[in-house]
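1. missing the sequence, but the structure's below:
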Ligand code: FAD
């Protein structure tokens, strides 16, 4: 009798990817190649971003639809609420449900540049969670197969508008109490930041899974852009290491993949129940990282075989 490998003994790790709706036909072609490559890894779901204030509403819904119809992948639709009225957001939630979506990442989105919110609009992600749960209750007869899964954002480093990390944890607890089922973290660059968030959240009473959002650190341009957008300070040592290899793209990629693997391994070591990879609609870096991680994953070949037989 062969002894089971260590990965066979380890609990399975959930796997998911973030995609964004393409802005052009060329970007769409690249995205669909990526989608088919990622599909081979049989992720638990793929999330589809949504522009703040619904700026790409039609494109996001189109991608969600195509994922459901043309692939084996389960979409998690991001939805932002800032400034939207309850009536507008109810219409979008009902539209998603009518299209068969059963997972929503409930987000506030970034505030308008002038900081002024339209009168009567929703303010916080928590308001959106409560709105989704009310709609779910009204339509409960249709959800015999299970309820809507609601995810939320969590922050390993202080949210730029928040007074403190402690306040962020209070907000996460409030989102859990309003009906969130799980959280996905903002990008982070230091291993201790994820474990610290989980520790502080558990101490405050947060019990939902907190999944680390991992960005493949293979592009310096992207690291700097995302840090600027999210307000998360990049790891100076990593930035220096990538800069020091100059124009050697292959070496820069190797350094970036190694750093990402170290970050993901540290999060898994701290008890992360899964990994959510920010793909930027490219599969190579995500797959390079996964190849190195060799995650314990449940095998679901029947799902793919069923789809291919269609
Ligand atoms: P909230 O949880 O509402 O928090 C926003 C701010 O308000 C925080 O400072 C918080 O401390 C404060 N706050 C919240 N609730 C309360 C309360 N009850 N009382 C007092 N203060 C409160 N943006 C997009 O536009 N599209 C996307 O698709 C998208 N996807 C994302 C995916 C992930 C995994 C993450 C981590 C972020 C994503 N974002 C996206 C960015 C997100 O919209 C911003 O980080 C936004 O600034 C905050 O969103 P939130 O849902 O965390 O808001």
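-> Yep, it's here. This one's a predicted model, so the numbers in the text were calculated from it and none came from an experiment.
2. do you know how far residue 115 is from the ligand?
-> 12 Å (CB to the nearest ligand atom, to the nearest Å). In this view, the C-beta of every residue, glycine as well, is placed from N, C-alpha and C.
3. Same question for residue 232.
-> Residue 232 is 10 Å from the ligand, by CB to the nearest ligand atom.
4. Pretty sure that residue sits against residue 190.
-> No - Residue 232 is beyond contact range of residue 190, at 10.1 Å (criterion: CB atoms under 8 Å).
5. For the two, work out which one has more neighbours and name it.
-> Set residue 232 next to residue 190 and count neighbours by other CB atoms under 10 Å: residue 232 wins out with 22 against 17.
6. Name the helix or strand of the chain that has the lowest mean pLDDT.
-> Across the helices and strands of the chain, the lowest-confidence element by mean pLDDT, DSSP states H and E is helix 301-309, at a mean of 49.
7. Can you report how many residues neighbour the nearest residue to residue 14 once chain neighbours are set aside?
-> Closest residue in space to residue 14, ignoring its immediate chain neighbours: residue 274 at 2.9 Å, by CB to CB, 6 or more residues apart in numbering. By other CB under 10 Å, the residues close to residue 274 number 21.
8. what residue ranges in this protein score low on pLDDT?
-> 1-9, 144-146, 299-310 (pLDDT under 70).
9. Okay, helices next: where are they in the stretch 151-300 of the chain?
-> Secondary structure of the stretch 151-300 of the chain (DSSP state H, counting those that start in this stretch): helices located at 165-178, 191-204, 220-230, 236-244, 249-269, 284-293.
10. where along the chain do the strands fall?
-> For the chain, the strands defined by DSSP state E occupy 14-19, 45-48, 75-80, 103-107, 149-154, 182-185, 210-211, 213-214, 274-278.
11. and the angle for the fourth one with strand 274-278?
-> Computed with axes from the mean of the first three to the mean of the last three CA atoms, to 10 degrees, the direction of strand 103-107 lies at 70 degrees from that of strand 274-278.
12. ok, strand 103-107 near the ligand or not?
-> Yes - Strand 103-107 lies within reach of the ligand by CB under 6 Å from any ligand atom, at residue 107.
13. Give me the contacts around that strand.
-> 45, 47, 50, 74-81, 93, 96, 125, 128-129, 132, 148-153, 175, 180, 184 (CB atoms under 8 Å, 6 or more residues apart in numbering).
14. what's the neighbour count on residue 36?
-> Look at residue 36: counted by other CB under 10 Å, it has 13 neighbours.
15. which residues in the stretch 1-150 of the chain form helices?
-> Under the criterion DSSP H, counting those that start in this stretch, the stretch 1-150 of the chain carries helices at the ranges 6-9, 25-39, 57-70, 86-98, 125-138.
16. most neighbours per residue, which of the ones you listed?
-> helix 125-138 (a mean of 19; mean count of other CB atoms under 10 Å).
17. Show me what that one is packed against.
-> Counting by 3 or more CB pairs under 8 Å, 6 or more residues apart in numbering; DSSP states H and E, the packing neighbours recorded for helix 125-138 are helix 86-98, strand 103-107, strand 149-154, helix 165-178.
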